[in-house]
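Undergrad: sequence and predicted structure below; questions after.
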Amino acid sequence: MTDPISKAIQSAIVGIRLLDPATGARLGQLKLQQSMNIGTALKVDGAVLHYSPEHVKSLTTTELKDALANAVG
């Protein structure tokens with residue numbers, strides 16, 4: 001994964017794992033897939049975490065962590 005957006009998402013997931021292992025474990029099992037057609041930064045569909053690079057880029061690290069946690073409920 002050399003994409004800086006994917007790296008930012010993975011880094012945020014690691015941070016979540018330290019604070020909330022259950023949520024971090026659920027996020028860690030998802031496959032990341034870039035999607036230009038979603039209207040939000042992140043969306044979970046089955047075992048795939050779809051992300052909009054432009055939306056993710058606009059988020060702070062804290063906002064990204066919150067969005068990831070909300071994406072898995």
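TA: Now that the structure is in, tell me what you want to look at.

Undergrad: in which helix or strand does R26 reside?
TA: Secondary structure assignment for R26, by DSSP states H and E: helix 21-28.

Undergrad: any idea how far that helix is from the middle of the chain?
TA: 11 Å (C-alpha atoms, centre = their mean, to the nearest Å).

Undergrad: who are the packing partners of that helix?
TA: Applying 3 or more C-beta pairs under 8 Å, 6 or more residues apart in numbering; DSSP states H and E, one finds that helix 21-28 contacts helix 4-19, helix 61-71. C-beta: built from backbone N, CA, C; applies to glycine.

Undergrad: contacts for the helix or strand just after it, please.
TA: Remark: after helix 21-28, the chain's next helix or strand is strand 31-34, criterion DSSP H and E. Strand 31-34 has contacts (C-beta atoms under 8 Å, 6 or more residues apart in numbering) with 1, 3, 5-6, 9-10, 47-53.

Undergrad: what subset of those is buried?
TA: I5, S6, I9, L49, H50, Y51, S52, P53 (16 or more other C-beta atoms under 10 Å).

Undergrad: relative to D20, how far out is the fourth one?
TA: What that stands for is L49. L49 sits 16 Å away from D20, going by C-beta to C-beta, to the nearest Å.

Undergrad: re earlier: what residues of the helix holding R26 count as buried?
TA: For helix 21-28, burial by neighbour count (16+ other C-beta under 10 Å) applies to T23, G24, R26, L27.

Undergrad: hang on, the third one packs against L68?
TA: No - in this structure, R26 is not within contact of L68 by C-beta atoms under 8 Å, at 9.8 Å.

Undergrad: which SS state does V44 fall under?
TA: With DSSP: H, G, I helix; E, B strand; the rest coil as the basis, V44 sits in strand.

Undergrad: looking at it, it is touching T23, isn't it?
TA: No - if you go by C-beta under 8 Å, V44 and T23 don't touch, sitting 11.9 Å apart.

Undergrad: which neighbours do those two share?
TA: Common neighbours of V44 and T23, using C-beta under 8 Å, 6+ apart, are V72.
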